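Asks: sequence unknown, structure follows:
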């Protein structure tokens, strides 16, 4: 092995087309469940209610083996992020059941919910560019 081989970028395992399709289907299932409010029938007195702000599923990142799904979401009110994550964690069984009923997968993925900060970062970058006079 020559010294030049050390600088060759490592090939990363890319996700396939099936992975992208399943991630898109999971995103659609979750979005429709939020729109219709299907999970309200499962709430009890100890479960937190979905915050009254608008919640948008922005992206689903699925592991290559389809065992883990990270669901990214945004809310209009940044103060309700913790409440929304608590609600999603309490409704984890509902979302897994939804995936099992609607998609024919061998393994139901573990679901992790995270706030999508890309919109905040984009607006911050836009604000910095405006302050520097680089944009109109």
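Replies: Noted; the coordinates are in hand. The structure presented is a predicted model; accordingly, all values stated were derived computationally and were not measured.
Asks: so what secondary structure elements neighbour the helix or strand bottoming out on mean pLDDT in the chain?
Replies: When each helix and strand of the chain is scored by mean pLDDT, DSSP states H and E, helix 118-132 comes last, with a mean of 83. Using 3 or more Cβ pairs under 8 Å, 6 or more residues apart in numbering; DSSP states H and E as the contact test, no helix or strand touches helix 118-132. Quick note: C-beta positions are derived from backbone N, CA and C, even for glycine.
Asks: apply 10 Å and report the result again.
Replies: strand 55-62, strand 68-75 (3 or more Cβ pairs under 10 Å, 6 or more residues apart in numbering; DSSP states H and E).
Asks: specify the angle between the first one and helix 118-132 in degrees.
Replies: An angle of 110 degrees separates the directions of strand 55-62 and helix 118-132 when computed by axes from the mean of the first three to the mean of the last three Cα atoms, to 10 degrees.
Asks: so which elements touch strand 55-62?
Replies: helix 17-36, strand 68-75, helix 81-90, strand 110-115, helix 118-132.
Asks: the shortest one vs strand 55-62, what angle?
Replies: So the one you mean is strand 110-115. 130 degrees.
Asks: repeat that for the second one.
Replies: Here the directions of strand 68-75 and strand 55-62 differ by 160 degrees (the same axes, to 10 degrees).
Asks: over to the third one?
Replies: Interaxial angle, helix 81-90 versus strand 55-62 (the same axes, to 10 degrees): 60 degrees.
Asks: may I see the buried residues of helix 81-90?
Replies: 81, 83-85, 87-88, 90 (16 or more other Cβ atoms under 10 Å).
Asks: no further questions, thank you.
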